[in-house]
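Participant: Pasting the sequence and the predicted model now:
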Amino acid sequence: MPMEEQMHSFEPKIIAFVCTWCTYAGADLAGTSRMQYPANVRVLKFPCTGRIDPVFILKAFQQGADGVLVSGCHPGDCHYIAGNFHARRRFAVFRKLLEFVGVDLGRLQFSWVSAAEGGKWVEMVTDLTERVRGMGPMRDFEELALEEQWSGAITTPELQEAYDSI
Amino acid sequence: MTNTIDTSIYVAITEAIQGEVRRILSEGNVSAVIGYAAARRKGSAQPTVIVQPDDAEKLIFSAACVNNLAVYLTKAKKEIPKTGKIGIVVKGCDLKALVGLMGESQLKREDLYLIGVPCAGVLASTAQPAQPLTSDTIAPKCRECDARLPTGCDFVPDQQPVIPELERRYSAEIARLEAMPPAERWAYWKEQFKKCIKCYACRQVCPFCFCEQCLCDRNKPQMVETTPRPAGNAAWHIVRGMHLAGRCAGCAECERVCPMDIPLNLLNRKMAKELKELYNYEAGFEMQEKGPLATYDEKDDQSFIK
């Protein structure tokens, strides 16, 4: 039976940073098993979660991502022995920093998805997509990018007058 | 209420430093000493490098000796001569930075002659150098200082700083921000970061910012917008906060030199607080071979990972 098509007013952009050994293979399994999941996710393949620099997440948000998913091998299964252990610490700290700066952590999801967990991958992507859809577009970084430099702001009547007289 | 802070020990410390520097330079196993000297403006001090024993009398220590001299060792480490040690005058906070740098293999303990200073606090960047040290003019970092008496140095003048209990402003401000909803925090930081003019003084003065090429200067790929616009500014400060997480020793030089008065150390203190809670790490006087983000434990918390 074909799934019922639903129209949404907002389709979030989700960027998924995945490790090639586990989550990428897991996503591949979901595909070959013909599981359905939202097409909102753009998958970026990395050698290891240890290669995923927090600045990539920042950049994704700046470039218009509404949600970011970071996924790799379960602890102990890293192809490079300890890449995901290091990544785990780094992300634990980075999300605290983002939280302190005021980014809503609901838009950022970390998960462990092994090569055999096609179903879990589908669940992760569906959950995040629906959650971010409920939260609406990520405006914070976009608004920041559109804002003018501080010196460009005309904040006083005197400045406005000087500006008008040019 | 304004309390005067007793800085009378600084006179004795100055004399002790001068005597010690004269001795080590004339004995010849230390080739240069980085310390503080009086500057032209009344009461002010500036960093100086002494190589002649006779110049030792130029050295001082006062509440105006705010700089973290460790930065002269990281950014000029290639110039450390192969013969002889470098002497350096360090307050507790500066020593923490030096110890952190040793942990990162940027410096070797045996190349240094550490002159520790029992410190009763230094002046805030908003105070005039000739002002007396009081509970109003003391630097915010000194209010929460737990490292007044350096240990593990080669020489420490035998003095005990006396400090009244002061209001902890960083802790209070972090608690205030943490209690806000995320949108309000974002609005707060947006206003702060908007002021940034990308002068990179915070980077220049930071002993831990020793990368040969900063990620934020690279343009292929460009990770952080380099122009002083709000988007690039926020990215720069977030990246800076992240790169100093688990490393920052809390000397607060970044905040002191910021011409736009962005509360940079607030971000660093927050990260230090999180590192303490998550991995029980704190910058201290004991050298640690690996920082908290350069190592791991298989039992680390992963409640945030599905």
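Facilitator: That came through fine. Numbering: from 1, shown residues only, chains lettered A, B, ... in the order given.

Participant: Grab the most central residue of chain A for me.
Facilitator: Nearest residue to the geometric centre of chain A (C-alpha atoms, centre = their mean): A:Val68, 0.9 Å.

Participant: show me the contacts for that residue.
Facilitator: Contacts for A:Val68 (C-beta atoms under 8 Å, 6 or more residues apart in numbering or on different chains) come out as A:Ile14, A:Ile15, A:Ala16, A:Phe17, A:Ile57, A:Ala60, A:Phe61, A:Arg107, A:Leu108, A:Gln109. In short, each C-beta sits where N, CA and C put it, glycine included.

Participant: partner residues bridging it?
Facilitator: Beta-bridge partners of A:Val68, counted by DSSP bridges, are A:Ile15, A:Leu108.

Participant: Next, B:Gln46: secondary structure please.
Facilitator: At B:Gln46 the chain is in strand, as set by DSSP: H, G, I helix; E, B strand; the rest coil.

Participant: Pull the number of nearby residues for the residue nearest to it when sequence neighbours are not counted.
Facilitator: Closest residue to B:Gln46 apart from its sequence neighbours, by C-beta to C-beta, 6 or more residues apart in numbering or on different chains: B:Ala39 at 4.0 Å. When neighbours are defined as other C-beta atoms under 10 Å in any protein chain shown, B:Ala39 has 15 of them.

Participant: Check the contact between B:Ala39 and B:Lys58; I expect there is one.
Facilitator: No. Checked against C-beta atoms under 8 Å, the pair B:Ala39 and B:Lys58 is beyond contact range at 11.0 Å.

Participant: could you pull out the strands for chain B?
Facilitator: Secondary structure of chain B (DSSP state E): strands at B:30-38, B:45-50, B:59-60, B:85-90, B:112-116.

Participant: got it, and chain A?
Facilitator: Using DSSP E, strands in chain A cover A:14-19, A:41-46, A:67-72, A:108-112.

Participant: Can you get me a residue count around B:Asp54?
Facilitator: Neighbours of B:Asp54 (other C-beta under 10 Å): 10.

Participant: what sits against it?
Facilitator: B:Arg22.

Participant: And the pLDDT at it?
Facilitator: Looking at B:Asp54, its pLDDT reads 93.

Participant: Give me the below-cutoff pLDDT ranges for the chain.
Facilitator: Just so you know, I chose chain A. Residue ranges of chain A with pLDDT under 70: A:1-5, A:148-153.

Participant: You answered for a different chain; I wanted chain B.
Facilitator: Counting by pLDDT under 70, chain B has low-confidence residues at B:1, B:76-83.

Participant: any idea how far the residue nearest to the centre of chain A is from chain B?
Facilitator: Using C-beta to the nearest C-beta, to the nearest Å, one gets 13 Å for the distance from A:Val68 to chain B.

Participant: what about that residue, distance to A:Val103?
Facilitator: A:Val68 sits 10 Å away from A:Val103 when distances are taken as C-beta to C-beta, to the nearest Å.
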